[in-house]
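Give me the fold of what follows.
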Amino acid sequence: MQPNFGAIVVHRGLYYEDGKLAKVIEAGRYKIPRRHRWLRRRPTVEVMLVDVRERELTIKGQEILTADKVAIRVSILVQFRVTDPKAAIHTVDNFEDRLYSDVQLAARRSLASMTLEEILTNRNRLSEDILSDVTESANGYGVAIRRADVKDLIFPGNLQEIMNRVLAAERHSEAQLVEARTRAEVEQIEAQSRAETTRCDAEAEAEARRLRELAEAEATRAKVEAETRAYEERAKAAEVLEGHPALLRLAELETLRELAQNANARLYLGLDRVSLNGTDSGKHDS
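Numbers count the residues shown, from 1 in each chain. Below is the predicted model of the structure:
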């Protein structure tokens, strides 16, 4: 009896001899020995196939009361696979029925502890509660649960209408809130822009004022320096002329020559001795 190791593993076999489980065999081709050979009785062999592929189980239309006494109908989709064929067949009577009951009870316990608002705002909690509640017990009879998701939630008719109105009102409120936030953000951005513009203008004006003051100070300093140099030069020229009367006379003659070139210029000489009418204003002692 040789197994075929190249076969695709979709089943496991429970190998029984005279009704007693002898071993679990892999997928492949096996030869079952004859019951009688040379007057020797051999055990009766039976093989039960167990599907180990991932499968789905749907728990439909379970009516459950929430914590705030609202009756809802819920459908749950469970994905699972058999990981231990021996435990799946021998631990419970029917592992699929047992899984169905476990998931159903876990969903009832979870929903009974949640309010309607919690169910609407956090549907993932139900899936998480079912997984945490059922995973360990399912492992006990050889089944691994991959996921358990809420497929449908059905509410009473009047409650459905009320909820639709509430949802519509919430969406409207959210839209208004988003619009108000957007308007506030735009106003804030505009205010910041105006403040930034005002600050930049103030800085530019202050910089321009500083530059003007610097320019005026520099011009004043240059003027003072120029006047100081001119004064120093005149003082030096006066000292030179005072020490050299001839140079002073030459300077006077040069000035007279320049004035003589102007036809409108008038010169008055010796006014300290001659009066305006041409008489001698001075007196001479004899």
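
For I130, give me its contacts.
By Cβ atoms under 8 Å, 6 or more residues apart in numbering, I130 lies in contact with I76, V78, V103, A106, A107, S110, A148. Every residue, glycine included, has its C-beta placed from N, CA and C.

Could you point out which of those is nearest to R29?
V78 (33.5 Å; Cβ to Cβ).

and that closest one, that's in a strand?
Yes. Residue state for V78 (DSSP: H, G, I helix; E, B strand; the rest coil) corresponds to a strand.

going forward, begin numbering at 36 instead of 1
From this message on, residue numbering opens at 36, which makes the last subject V113.

In this structure it contacts R182, no?
Yes. Contact status for V113 versus R182: in contact at 7.4 Å, counting by Cβ atoms under 8 Å.

Look at the two and report which has more neighbours.
V113 (25 against 12; other Cβ atoms under 10 Å).

so where's the stretch 36-185 of the chain shaky on pLDDT?
36-44, 69-75 (pLDDT under 70).

Show me where it has its strands.
Using DSSP state E, counting those that start in this stretch, the strands of the stretch 36-185 of the chain run over 46-52, 55-60, 71-72, 75-76, 80-86, 90-100, 106-117, 178-189.

which strands and helices sit next to the first one?
With contacts defined as 3 or more Cβ pairs under 8 Å, 6 or more residues apart in numbering; DSSP states H and E, the packing partners of strand 46-52 are strand 55-60, strand 80-86, helix 120-125.

And for the second one, what's in contact with it?
In other words, strand 80-86. Contacts for strand 80-86 (Cβ under 8 Å, 6+ apart): 45-52, 54, 60, 65, 67-68, 117, 120, 123-124.

And the helices in this structure?
120-125, 130-147, 151-156, 159-175, 192-278, 280-295 (DSSP state H).

Distance to E91 for those - can I get that in a markdown table?
Below are those laid out as a markdown table (distance: least, Cβ to Cβ, whole Å):
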| stretch | distance to E91 |
| --- | --- |
| helix 120-125 | 16 |
| helix 130-147 | 11 |
| helix 151-156 | 23 |
| helix 159-175 | 14 |
| helix 192-278 | 27 |
| helix 280-295 | 123 |
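
re the thing from before, of all the strands of the stretch 36-185 of the chain, which one is nearest R229?
strand 178-189 (51.2 Å).

residue nearest the centroid of this protein?
E220 (16.3 Å; Cα atoms, centre = their mean).

how distant is stretch 218-231 from the center of its chain?
21 Å (Cα atoms, centre = their mean, to the nearest Å).

actually stretch 114-132, not the one I wrote
Worked out by Cα atoms, centre = their mean, stretch 114-132 lies 48 Å from the chain centre.

First-to-last residue distance for it?
From its first residue to its last, stretch 114-132 covers 14 Å (Cα to Cα, to the nearest Å).

neighbouring contacts of it?
47, 49, 56, 59, 83, 85-92, 133-134, 173-183.

make it 6 Å
47, 59, 85, 87, 89, 91, 133, 176-182 (Cβ atoms under 6 Å, 6 or more residues apart in numbering).

Going through those residues, which ones are buried?
Buried residues within the contacts of stretch 114-132, counting neighbours by 16 or more other Cβ atoms under 10 Å: R47, V85, V87, R133, Y176, G177, V178, I180.

who does V109 bridge with?
Beta-bridge partners for V109, by DSSP bridges, are Q97, L188.

and it, how many neighbours does it have?
With other Cβ under 10 Å as criterion, V109 counts 23.

quick one: it from S228, how far?
Going from V109 to S228 by Cβ to Cβ, to the nearest Å gives 53 Å.
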